[in-house]
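1. Next comes the sequence, and after it the predicted model I'd like to discuss.
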Amino acid sequence: MAVPIRTCVGCRARSPQTEMTRLAVDGAHIINSRTAPGRGAWLHPRSSCFDLAQRRKVWSRAFRQTGLTMSHPPALVQDSE
Ligand SMILES: [Zn+2]
């Protein structure tokens with residue numbers, strides 16, 4: 001079965017969703033969840049992609065909701081290169 005392809009909200013590159021982490025909204029908090037209902041934003045689990053997303057303030061657009069806070073950053077691996 002084909003793996004769905006998602007666009008990273010940080011670097012905008014497309015990857016299989018199995019290689020990415022999913023962010024969702026719970027109330028006014030952005031959480032890291034693959035199963036939470038509602039809109040999701042997909043991100044490579046890299047700090048560089050997370051930083052890009054933060055700098056571009058993509059959250060309000062990705063979730064169509066403003067005033068969101070990140071209660072804890074998603075599990076990220078540091079770039080090794
Ligand atoms: Zn990315």
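-> Looks like it arrived, so ask away.
2. Between the two ends of stretch 34-48, how far is it?
-> Start and end residues of stretch 34-48 are separated by 20 Å (CA to CA, to the nearest Å).
3. in that stretch, what counts as buried?
-> By neighbour count on 16 or more other CB atoms under 10 Å, the buried set for stretch 34-48 is 40-44, 46. The C-beta positions use only the backbone N, C-alpha and C, and glycine is treated the same way.
4. got it, and stretch 13-26?
-> Buried residues in stretch 13-26 (16+ other CB under 10 Å): 20-25.
5. quick one on the thing from earlier: out of the buried residues of stretch 34-48, which are close to the ion?
-> By CB under 5 Å from the ion, the members of the buried residues of stretch 34-48 lying near the ion are His44.
6. quick one: which of the buried residues of stretch 34-48 is nearest Ala62?
-> Closest to Ala62 out of the buried residues of stretch 34-48 is Ala41 (4.0 Å), distances taken as CB to CB.
7. related to what we said a few turns ago, just the ones in strands from the buried residues of stretch 13-26, please.
-> Among the buried residues of stretch 13-26, DSSP state E puts 21-25 in strands.
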